[in-house]
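Student: kindly generate the corresponding structure for this input.
(2 chains)
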Amino acid sequence: MKHMKTILAIFIGGLILFPLLYANADNSAKPETMISKKCLKCHQGFKKMNDTLAGNFKSSSNKAKTIQMKINNGMKLVKFTKDTTIKNVPSIKKLKGTIPIRVHYKRVGEDLVATEIVAKPEMKVPKDQLIGTKKLAKLVAMGPEKGDYTLVDSRPGNLYMTAHIPTAISIPFPKMKKLSAKLPKDKNQLLIFYCEGFR
Amino acid sequence: MAARLAAKQGYTNVRVYHAGVPAWARAGNLLLTTDDFVKKRMGFIVLIDTRGPEAAEKGHIQGAVAIRLKDVVREKNQFPLDRRAHLVLYSEKTGTADLASVVKKISSWGYKHVFVLDGGYEGWIKSNGGIQKGLVRTKIFYIPRPHPGEIVGDEFMNIVETKPADVLILDVRTPSETTAGVIEGAVNIPVDDLQGRLKELPKDKEIIAHCRTGLRAEMAYTILRNAGYKTRFLNDKVSVINDKLYCCFK
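Tutor: Sure thing, here's the model as predicted:
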């Protein structure tokens, strides 16, 4: 009977300890991936990548060889070296504004060092769908009635609030489906979309 | 993306203004801002009442400076040094036509955020915005909006002079930048090495980071904050020449 108790104790102890030990071992080697909620809206696959950060570019310092990025409400710092590759912009210096970026990194001591920085690629739009600044300015000067158009600002609402092209209405892209009642009833009317622009 | 979605919904005449807002502004075209933006940024924008001082004395948007539209361009040297300052012009109504040329001129001086208030003063009153009557300012006055964690230059200088025991100044410049000296009492750890040398910093003091421009100081601020330190940073230009401090320029 006493024997049984000991075996049981070891067994139960093992049951408790084993996952703990395992989890600890797992944690130290666990790849750390942080993807902002905004990115996840369209890129669920980013979660499965190892050692990846995705969010918005904030600033970079060539002296400190570091870039700073915003992920949700926190900031992350990642170092870069001459071996860091960069995609969709010619160089790290050309990262501007708050452009979305994805960073693959390795851990070196306490630091995160980028192996690859991927800027969000430019959207490809068929040429016959594009409208230029001059043509749009002419329409805007006429106004939506005389010019017979609807101009839609697809950026987040706070950017519309800060500044927008005259005569535009705000339909942030994620709300397109819900707010499509704001779109013209006449499906043949000229409908123009704009956002923060490509680089 | 939005255009594709619209095409799917049956719209036949869809276009994309791919160059977007920055190109629109660069070409000298006018951008409209809203009452909500002016309310949110109140105090940290330059708000110009282009109806001039006489009309403005009868009532103007809180914090506005009154300069007649035809005089705005002449007051160039009154404009803030910081080209990223937000400048908002308004008249009685939206009146975009008469403001357009002035906005274009101001933009050509390098200002990146020059807007016209949609709806003008009338719209502002309709949206229950705050107004002032009587005396109105006629000289431009600009305070930049502080970043989170930023310390203002005056307070920084005060700390440099009085050296409070519960504050530590952290200089995050590189060795080549610190040959001419560091601020008395400051600790120098290049931002590059900071993550690995956190243990050298006390947790019971507030740590104020500075560099040469403010950029790396902000990075240091991020590292320290993420590591649980009480910290702020100086977002100004600093140089130390022959152990003498030249500080706090934007």
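Student: who touches the closest residue to chain B within chain A in this structure?
Tutor: Closest to chain B within chain A is A:G197: 2.3 Å, counting by Cβ to the nearest Cβ. From N, CA and C alone the C-beta is placed, and that goes for glycine too. Contacts for A:G197 were tallied using Cβ atoms under 8 Å, 6 or more residues apart in numbering or on different chains; they are B:18-23.
Student: quick one: which of the residues you listed is nearest chain A?
Tutor: Distance to chain A across these (Cβ to the nearest Cβ) is lowest for B:G20, with 2.3 Å.
Student: my read: that closest one touches A:C195, true?
Tutor: Yes - between B:G20 and A:C195 there is a contact under Cβ atoms under 8 Å: 5.3 Å.
Student: sticking with the residue nearest to B:Y229 when sequence neighbours are not counted, tell me its helix or strand.
Tutor: By the measure of Cβ to Cβ, 6 or more residues apart in numbering or on different chains, the closest residue to B:Y229 outside its immediate chain neighbours is B:I207, 5.6 Å from it. In this structure, B:I207 sits in strand B:206-210 according to DSSP states H and E.
Student: show me chain A divided up by domain.
Tutor: A:34-119, A:127-194 (automatic domain parsing).
Student: how far does the shortest one stretch from start to finish?
Tutor: Just to be clear, that refers to domain A:127-194. Domain A:127-194 has its terminal residues 15 Å apart, counting by Cα to Cα, to the nearest Å.
Student: need the domains of chain A in JSON lines (columns: mean neighbour count).
Tutor: Output for those, formatted as JSON lines (neighbours: other Cβ atoms under 10 Å in any protein chain shown):
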{"stretch": "domain A:34-119", "mean neighbour count": "16"}
{"stretch": "domain A:127-194", "mean neighbour count": "17"}
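Student: in CSV, list these along with mean pLDDT.
Tutor: Putting the domains of chain A into CSV (pLDDT from 0 to 100) gives the following:
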stretch, mean pLDDT
domain A:34-119, 92
domain A:127-194, 92
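Student: so which of those is nearest B:V182?
Tutor: For B:V182, the closest of the domains of chain A is domain A:34-119, at 16.2 Å, according to Cβ to Cβ.
Student: please save the CA atoms from the helix or strand containing A:K70 in CSV.
Tutor: In the assignment (DSSP H and E), A:K70 maps to strand A:66-71. The C-alpha coordinates for strand A:66-71 follow below in CSV (Å, rounded to 0.1, in the frame of the first residue of the first chain):
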residue,chain,number,x,y,z
THR,A,66,18.6,50.8,-35.7
ILE,A,67,15.1,51.1,-36.9
GLN,A,68,12.1,51.8,-34.6
MET,A,69,8.7,50.4,-35.5
LYS,A,70,5.3,50.6,-34.0
ILE,A,71,3.3,47.5,-33.2
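Student: show me the contacts for the most centrally placed residue in chain A.
Tutor: Compute the mean C-alpha point of chain A, and by Cα atoms, centre = their mean the closest residue is A:C39, 3.5 Å away. By Cβ under 8 Å, 6+ apart, the contact list for A:C39 reads A:46, A:54-55, A:100, A:102.
Student: closest to A:V140 out of the residues you listed?
Tutor: Nearest member of those to A:V140, counting by Cβ to Cβ, is A:P100, at 28.3 Å.
Student: what's the closest non-adjacent residue to the closest one?
Tutor: In space, A:P100 is closest to A:K120, 4.1 Å off (Cβ to Cβ, 6+ apart).
Student: repeat that for B:L117.
Tutor: Using Cβ to Cβ, 6+ apart, the closest residue to B:L117 is B:Y90 (3.9 Å).
Student: any idea how far that neighbour is from chain A?
Tutor: Between B:Y90 and chain A the computed distance is 14 Å (Cβ to the nearest Cβ, to the nearest Å).
Student: tell me which stretches of chain A form helices.
Tutor: Applying DSSP state H to chain A gives helices spanning A:2-29, A:37-40, A:133-142, A:144-147, A:157-162.
Student: coming back round to it: number of nearby residues for the residue nearest to B:Y229?
Tutor: When counting by other Cβ atoms under 10 Å in any protein chain shown, one arrives at 21 neighbours for B:I207.
Student: is it correct that the residue nearest to B:L117 is in contact with B:D118?
Tutor: No - applying Cβ under 8 Å as the test, B:Y90 and B:D118 come out as separate, 9.1 Å apart.
Student: and B:K199, helix, strand or coil?
Tutor: Assigned with DSSP: H, G, I helix; E, B strand; the rest coil, B:K199 falls in the helix class.
Student: excluding chain neighbours, what is closest to residue 137?
Tutor: Here I'm looking at chain A. Once flanking residues are discounted, A:A137 sits nearest to B:N29: 5.6 Å by Cβ to Cβ, 6+ apart.
Student: that's the other chain; I wanted chain B
Tutor: B:R137 sits nearest to B:V65 (Cβ to Cβ, 6+ apart), 4.7 Å away.
Student: check that neighbour and give its pLDDT.
Tutor: Note for B:V65: predicted pLDDT of 96.
Student: mind checking how far it is from B:G52?
Tutor: 11 Å (Cβ to Cβ, to the nearest Å).
Student: for those two, indicate the residue with more neighbours.
Tutor: B:V65 (20 against 17).
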